[in-house]
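[1] Sharing a sequence plus its predicted fold:
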Amino acid sequence: MVAQRVRDYEVVIILSPEATEEELKGVLERIDAWITERAGAIKDRDIWGLKRFAFPIKKFTEGNYSLTKFSMDTRMAQEFDRYLKASEDVIRSLVVKL
């Protein structure tokens with residue numbers, strides 16, 4: 001049996017500025033569900049709100065920022081990053097190991 005290595009991570013996610021509060025909550029709940037379905041645990045979330053970009057990203061000049069701290073098996077972290085990049089709701093994301 002292979003031992004799992006669980007590490008702490010944080011992810012900053014930028015969502016569309018055109019999304020409503022309900023749409024933002026729905027996307028963040030989907031991301032939380034993805035983490036918890038794979039034996040991860042959400043530790044903390046901080047919603048930073050609407051912030052202006054230094055340069056346009058996908059034709060947007062601002063976006064809704066969210067910071068989530070979580071723990072997850074190290075093998076799933078790369079898969080999580082690919083999941084975020086493939087998501088149409090996410091403008092940009094950055095997963096960092098703590």
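    Arrived safely.
[2] just checking, next helix/strand downstream of the helix or strand harbouring Arg52?
    Assigned by DSSP states H and E, Arg52 falls within strand 41-57. Next in sequence after strand 41-57, counting helices and strands by DSSP H and E, comes strand 60-73.
[3] by contact count, what packs against that next one?
    Using 3 or more C-beta pairs under 8 Å, 6 or more residues apart in numbering; DSSP states H and E, the elements in contact with strand 60-73 are strand 6-15, helix 21-37, strand 41-57, strand 90-97. Yep, even glycine has a C-beta here, placed from its N, CA and C like the rest.
[4] Name the residues of that strand that come out as buried.
    Of the residues in strand 60-73, 60, 63-66, 68-70, 72 count as buried by neighbour count, 16 or more other C-beta atoms under 10 Å.
[5] continuing past it, what's the next helix or strand?
    Next along from strand 60-73, by DSSP H and E: helix 74-86.
[6] what's near enough to touch Ile35?
    Contacts for Ile35 were tallied using C-beta atoms under 8 Å, 6 or more residues apart in numbering; they are 41-42, 70, 72, 80.
[7] okay, those in TSV with pLDDT and distance to Glu88 next?
    Formatted as TSV, those follow (pLDDT from 0 to 100; distance: C-beta to C-beta, whole Å):
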residue	pLDDT	distance to Glu88
Ala41	93	26
Ile42	95	22
Phe70	96	22
Met72	93	23
Phe80	93	16
